[in-house]
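K.L.:
no sequence on hand, only this structure:
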Ligand code: DSN
């Protein structure tokens, strides 16, 4: 019998139910994906036991010779994937990576200009309830309300805001924005006001690595990402520098000696914000970056965009309001106000039919973040599973049936059965994939 099942049946049962949920339902959360069995396997290894504070070859602990190999593989592959001069693969998450960037370049009270959370930004880009808004003076730009640019970021507005705010750092990147960014123009704006340009490409890293969206690396002073969204690696973070010249702050993090941007960021990651890096996760990052360097990864990312566009078009055909009128990337944002539903209601109704989405603020929303007027839908996870545009159009039809009859338990139950049948034809994890045969068998 499996050790986990025998020793801790309660945890075993929860894990097994979650594997079943992933196998049996339609996953449309834009920030989620399904890692490969090889990535899963790397995460579940005794590398979790190893302390390795410091960097490969310069550790504060003995016995690091083999985890050094794993971290070097991760760093080298990430550099190759993104054409980066420097990379640090140790941040435990995107938020940790972002925390290190603030620590490297900002003093408490310095001004940040970031994309408003309610317009698709991220908590760590200055939200008043996050360290970034609590410790720094955060100002925001947003998407346009009306006209040809409705739902899109207008660079003239960003320039006006930058000139008015005179920020120390400008952040670019989003959690719920379906259009691309002009990083060259954004760097010009940053240079005009003497600001550091930080790009958080967490959502779109896989699309950027494969050349399907604009590349921030040549333009930004620093780039952060998570490794688990479109990049399809283990849950974690990473920081990259395209051209590792002297730090834009001109002096070193705390030491006063000139450093490159990368050296300054290395100090900010450790000892700045983390202690021991998670070496099992770093090994899994290396595996995922190896996968992303394969030609099949580009074909996958092309399909991600094709599927997101098919989904957005199918919603528009059914009379839904898609923010900005479509998508250039892996997600779309649906404004449900014209359908008389809140995001919270839609998330719950679709959940009952085993279609997982998240409620999301839409630009100029009048509902609270706990209710919202929209839902955010992403294609990466179900594309990994093999869905193409036909399946995505079919899923939109299923969602529309549920949302059009919010009072009908029968509709939700019928759709739930159709979801299950569709998922069965696109299998996800087999017992041997999850490395725990007893979990699937039990
Ligand atoms: N929570 C992530 C997302 O869903 O976009 C961002 O951190």
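P.N.:
Done, it's in. No experiment lies behind these values; they were computed from the predicted model shown.
K.L.:
all contacts plus neighbour counts: C-alpha atoms, from now on.
P.N.:
Fine.
K.L.:
and the helices in the stretch 1-150 of the chain, which stretches?
P.N.:
Using DSSP state H, counting those that start in this stretch, the helices of the stretch 1-150 of the chain run over 3-7, 9-24, 37-43, 65-82, 94-105, 131-135.
K.L.:
make CSV out of those and add distance to residue 182.
P.N.:
Conversion of these to CSV gives the following (distance: least, Cα to Cα, whole Å):
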stretch, distance to residue 182
helix 3-7, 49
helix 9-24, 36
helix 37-43, 33
helix 65-82, 17
helix 94-105, 21
helix 131-135, 24
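K.L.:
of these, flag the one that's most buried.
P.N.:
For those, the largest average neighbour count (mean count of other Cα atoms under 10 Å) is found in helix 94-105, namely a mean of 23.
K.L.:
give me the contacts around it.
P.N.:
Residues external to helix 94-105 that are found in contact with it (Cα atoms under 8 Å, 6 or more residues apart in numbering): 91, 124, 132, 202, 222, 224-226, 236-239, 248-249, 253, 264-265, 267-269, 272-274.
K.L.:
where does residue 216 sit: helix, strand or coil?
P.N.:
Per DSSP: H, G, I helix; E, B strand; the rest coil, the local secondary structure of residue 216 is coil.
K.L.:
for it, what are its contacts?
P.N.:
183-184, 199, 223.
K.L.:
restricted to buried residues, select these in PyMOL.
P.N.:
Here the buried members of the contacts of residue 216 are turned into a PyMOL selection, burial being counted by 16 or more other Cα atoms under 10 Å:
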select buried, resi 183+199+223
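K.L.:
identify the farthest-apart pair in the contacts of residue 216.
P.N.:
Checking the contacts of residue 216 against each other with Cα to Cα, the farthest-apart pair comes out as 184 and 223, at 13.8 Å.
K.L.:
before we move on, back to that, just the ones of the contacts of helix 94-105 in helices?
P.N.:
Cross-referencing the contacts of helix 94-105 with the helices (criterion: DSSP state H) gives 132, 264-265, 267 as the overlap.
K.L.:
what about the residues you listed, which one has the most neighbours?
P.N.:
Comparing those by number of neighbours (other Cα atoms under 10 Å), residue 265 comes first, having 29 neighbours.
K.L.:
against which helices or strands is the helix or strand hosting residue 396 packed?
P.N.:
Here residue 396, judged by DSSP states H and E, is contained in helix 389-404. Using 3 or more Cα pairs under 8 Å, 6 or more residues apart in numbering; DSSP states H and E as the contact definition, the elements that helix 389-404 packs against are helix 295-317, helix 343-352, helix 409-424.
K.L.:
tell me the angle that helix makes with helix 295-317.
P.N.:
Counting by axes from the mean of the first three to the mean of the last three Cα atoms, to 10 degrees, helix 389-404 points 40 degrees away from the direction of helix 295-317.
K.L.:
which of the three states applies to residue 376?
P.N.:
Following three-state DSSP, the label given to residue 376 is strand.
K.L.:
that one contacts residue 29, correct?
P.N.:
Yes: checked against Cα atoms under 8 Å, the pair residue 376 and residue 29 is within contact range at 7.0 Å.
K.L.:
so what sits against both of these two?
P.N.:
In contact with both residue 376 and residue 29: 357-358, using Cα under 8 Å, 6+ apart.
K.L.:
so between these two, which is more surrounded?
P.N.:
Higher neighbour count among residue 376 and residue 29: residue 376, with 25 against 22, using other Cα under 10 Å.
K.L.:
what sits against that one?
P.N.:
29-30, 176, 331-334, 357-360.
K.L.:
identify the residue nearest it in space, chain neighbours excluded?
P.N.:
Nearest non-adjacent residue to residue 376, counting by Cα to Cα, 6 or more residues apart in numbering: residue 333, 4.6 Å away.
K.L.:
same question for residue 185.
P.N.:
The spatially closest residue to residue 185, leaving aside those adjacent along the chain, is residue 155, at 7.8 Å (Cα to Cα, 6+ apart).
K.L.:
distance check, the one you found against residue 49.
P.N.:
Residue 155 sits 48 Å away from residue 49 when distances are taken as Cα to Cα, to the nearest Å.
K.L.:
so for the two, which sits in the more crowded spot?
P.N.:
Comparing residue 155 with residue 49 by neighbour count (other Cα under 10 Å), the higher total belongs to residue 155, at 16 against 10.
K.L.:
which pLDDT value goes with that one?
P.N.:
pLDDT, residue 155: 98.
K.L.:
residue 188 and residue 276: what is the separation?
P.N.:
From residue 188 across to residue 276, the span is 38 Å (Cα to Cα).
K.L.:
most surrounded residue in the contacts of residue 376?
P.N.:
Among these, residue 331 has more neighbours than the rest - 31 neighbours, counting by other Cα under 10 Å.
K.L.:
the closest residue to it other than its chain neighbours: neighbour count?
P.N.:
Nearest non-adjacent residue to residue 331, counting by Cα to Cα, 6+ apart: residue 378, 4.2 Å away. Neighbourhood size, residue 378 [other Cα under 10 Å]: 30.
K.L.:
and for residue 161?
P.N.:
Residues near residue 161, counting by other Cα under 10 Å: 18.
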